[in-house]
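S.K.: below are the sequence and a predicted model for it; my questions follow.
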Amino acid sequence: MILAYKYKLKANLSQERTMTNWLSMLRSHYNFCLRDRIEAYEQVRSPKLGNYSDLKTKAPSCPLSCSISNKSQLGEPFKKSGEKRNAYEMQSSELPSLKKTRPWYKKIHSAVLQQNLRRLDTALKNFFDGRRYPKFKTRQRFKSFSYPPGQIKLKENKIYLPSLGWMKFFKSRNIPDGFKLKTVTIRSLADGWYVSIRIENPDVPQSVNKDLKQVKTVVGCDLGIKKLLALSNGELRENPQFEKRLSKRKTLIQRRASRKRINSSNQKKAYAKLARIDQKIVNQREDYQWKIAHRLASLADVIVLEDLNIQGMIRKCRAKQDENGKFLKNGQSAKKALNRLIRDCSWGNLKLKIQSVAAKFECICLDVNPKFTSQKCSHCGHIAKENRNKERFLCLNCGFLEDADIQASVNIGIIGLETLGISPSKLLRVTEEVTPKPELTGSLNREKSVSLEVEPGNPTHPLTPSWEGARGWVSG
Ligand SMILES: [Zn+2]
């Protein structure tokens, strides 16, 4: 099992300066090597005429008979043994001559430089796997560098980073026993430097192969905007709208920053303040999401989520034109506000966190198609659009009354049970008494266990949520 632990670093002034310096050098090197890779790729797609030479002998040759390397134009294409190098190896073989021509690159630890090339290689591999074309990195998009496994040392609250020296960090939690240190990434955020340590325990499997006979409880989850999460056991989680909460303050600081003189140090200070607000929003949201994920993992053996097309939901409205080609109103300005709310929910990140916590505690996490889940009655199966009236669900066939989101989550849970082939009696339902799992079955030595107490409330009445807001939660 691979996990990542993040700590805030206490770097001294000279270390901070060195790391900032490294980032700027690494970014230039990344962009330089990316241009090289792009040129090599484009050269194969649509060859340009020029001076060609044979790769092995380097003798001039005819462009018609010459084979072109689609990997890189830098570095040696062949190993000493005569084997062909891949693109990463080619660019890596160029590093000694880079240090010769640009001696300031000698200050960067060689493993960090190689890791930077690996990062570029991964970006291109992702592109060849069908993801987007790699982009040149701006200052805002290049904030981290990493050390490969086996380079760093840890001692209490100190970390040894080669070429940077020992550095203290805020040890907010202990690394569990039996885990090996893997790649270490240093990242610059608005409020300082952070280190993220990947740890691995090969004895614990990453994927869950849970026996379906062991499944005792299943919970269905419905994602929404006003109520971020509705669970099939009747629990509701409000959406705190972290972005909206701080939006007024953010606008104010944004306005102040924009009125400062360009490139003045006051302007830099003002924009740093703005960046810290953005960082705060992210921190608040992440904390809330981790708590939700731990709560779900403590609640049931199987978590059923809905498979949402988030990119499709926040897509822009299609432009409307009349016969003269004049643009008409298409409702985009109204949709803009909704899109902002959807982004503030950050469902994608929430789902990722739920999946990762579920894997940690050996729960099964499922994605199901949410079609008709908000219109279907979970009691009699009657599907009608009229069943739902805003937040209330009233079945026109059997008269079943329920909160619309909880009703949808019950349906999602039922679909999940059908996918797994388990009898529906195991679903955590509103009407049934909620009995959380007695103990987490995770194999990790956690310092604090997640509180499993169900908050006091009235679980029999579905429309009064038993606990609201983040305050009622006990963190894990
Ligand atoms: Zn019904």
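M.R.: All right, it came through fine. Just so you know, these numbers come straight off a predicted model, no measurement behind them.
S.K.: how about the residue most central in space within the chain, secondary structure?
M.R.: Residue closest to the mean C-alpha point of the chain, counted by CA atoms, centre = their mean, is residue 349 at 5.4 Å. What DSSP: H, G, I helix; E, B strand; the rest coil gives for residue 349 is helix.
S.K.: wait, isn't it in contact with residue 289?
M.R.: Yes - taking contacts as CB atoms under 8 Å, residue 349 lies within contact range of residue 289: 6.2 Å. C-beta coordinates here come from the backbone N, C-alpha and C atoms, glycine included.
S.K.: near the ion, anything from stretch 394-402?
M.R.: Yes - with CB under 5 Å from the ion as the measure, stretch 394-402 is seen reaching the ion through 395, 397, 398, 400.
S.K.: so which of the residues you listed is the most crowded?
M.R.: Counting neighbours by other CB atoms under 10 Å, residue 395 comes out on top of the residues of stretch 394-402 next to the ion with 21 neighbours.
S.K.: contacting residues around residue 110?
M.R.: By CB atoms under 8 Å, 6 or more residues apart in numbering, the contact list for residue 110 reads residue 95.
S.K.: which pLDDT value belongs to it?
M.R.: pLDDT for residue 110: 94.
S.K.: got it, and the one 3 residues further on?
M.R.: Reported pLDDT at residue 113 in the predicted model: 96.
S.K.: any idea how many residues pack against residue 354?
M.R.: Counted with other CB under 10 Å, residue 354 comes out at 24.
S.K.: so it touches residue 367, yeah?
M.R.: No - counting by CB under 8 Å, residue 354 does not reach residue 367; the two are 10.4 Å apart.
S.K.: which parts of stretch 390-409 are buried?
M.R.: The neighbour-count check on stretch 390-409 (16 or more other CB atoms under 10 Å) flags 393, 394, 395, 400, 402, 403, 404, 405, 406, 407, 408, 409 as buried.
S.K.: among those residues, which are in strands?
M.R.: Counted as lying in strands by DSSP state E, out of those, are 393, 394, 402, 403.
S.K.: up against the ion, what does the stretch 351-476 of the chain have?
M.R.: 377, 379, 380, 382, 395, 397, 398, 400.
S.K.: name the nearest residue to the fourth one, sequence neighbours excluded.
M.R.: Same thing as residue 382. Of all residues not flanking residue 382 in the chain, residue 397 sits nearest, at 3.8 Å (CB to CB, 6 or more residues apart in numbering).
S.K.: for the one you found, give me its contacts.
M.R.: Counted by CB under 8 Å, 6+ apart, residue 397 has contacts 377, 380, 382, 384.
S.K.: before we move on, the earlier item: overlap of the contact sets of residue 354 and residue 367?
M.R.: residue 305.
S.K.: just give the number of residues close to the residue nearest to residue 179 when sequence neighbours are not counted.
M.R.: Spatial nearest neighbour of residue 179, excluding adjacent residues (CB to CB, 6+ apart): residue 199 at 3.9 Å. By the criterion of other CB under 10 Å, residue 199 has 18 neighbours.
S.K.: ok, now which ones touch residue 199?
M.R.: Residues near residue 199 by CB under 8 Å, 6+ apart: 2, 3, 4, 5, 175, 176, 179, 180, 181, 182.
S.K.: how near is the last one to the ion?
M.R.: In other words, residue 182. 52 Å (CB to the ion, to the nearest Å).
S.K.: repeat for the fifth one
M.R.: Using CB to the ion, residue 175 is found at 52 Å from the ion.
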